[in-house]
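> any chance you can model this:
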Amino acid sequence: MLRGTRVLISLPEMKKQALELSEKDKALLEAEARKSWTQLSVFAIGDKVEDVKEGDKVYVRASALELSERIEIEGQMKLMVHEQDIAIVW
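Numbering: from 1, shown residues only. Below is the predicted model:
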């Protein structure tokens, strides 16, 4: 169970690269792609989250995305942000 006001966000699918990239290059590509992430899917919510539900599309402040924790769940990477970092809910 996710606790508090934390929200897990699913990362958008990144295009597969024809060349094998270093971890540093992968991180740089993700940082650049992060700028275009305007509608992210909510994967899970904490037990104290009130305004967002699983499956919602959300916009998260860019600075919050940069500082978010990355967690692997079910073989996919998720970002953990706080509910107050979510600016728009669709």
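> ok, residue 8 touching residue 41?
No: counting by CB atoms under 8 Å, residue 41 is not a contact partner of residue 8; they are 9.8 Å apart. Bear in mind the C-beta positions are built from the backbone N, C-alpha and C, glycine included.
> could you grab the helix/strand/coil label for residue 12?
Look at residue 12: counting by DSSP: H, G, I helix; E, B strand; the rest coil, its state is coil.
> contacting residues around the nearest residue to it once chain neighbours are set aside?
Using CB to CB, 6 or more residues apart in numbering and skipping residues adjacent in sequence, the residue nearest residue 12 is residue 37, 6.2 Å away. Shown in contact with residue 37 (CB atoms under 8 Å, 6 or more residues apart in numbering): 12, 60, 65.
> name the helix or strand for the last one, please.
Using DSSP states H and E, the secondary-structure element containing residue 65 is helix 62-67.
> low-confidence stretches in this structure?
14-18, 33-36 (pLDDT under 70).
> which residues of it fall in strands?
6-10, 40-45, 57-60, 69-73, 76-82, 86-89 (DSSP state E).
> run the angle between the second one and strand 69-73 for me.
Meaning strand 40-45. 70 degrees (axes from the mean of the first three to the mean of the last three CA atoms, to 10 degrees).
> may I see the buried residues of strand 40-45?
Applying a neighbour-count criterion of 16 or more other CB atoms under 10 Å, the buried positions in strand 40-45 are 40, 42, 43, 44, 45.
> what angle do it and strand 6-10 make?
130 degrees.
> just checking: what are the partner strands of strand 40-45?
Strand pairing for strand 40-45, determined by DSSP bridges: strand 6-10 (antiparallel), strand 57-60 (antiparallel).
> so which of those gets nearest residue 31?
Among those, strand 57-60 comes nearest to residue 31, with 14.7 Å by CB to CB.
> thank you kindly, that will do.
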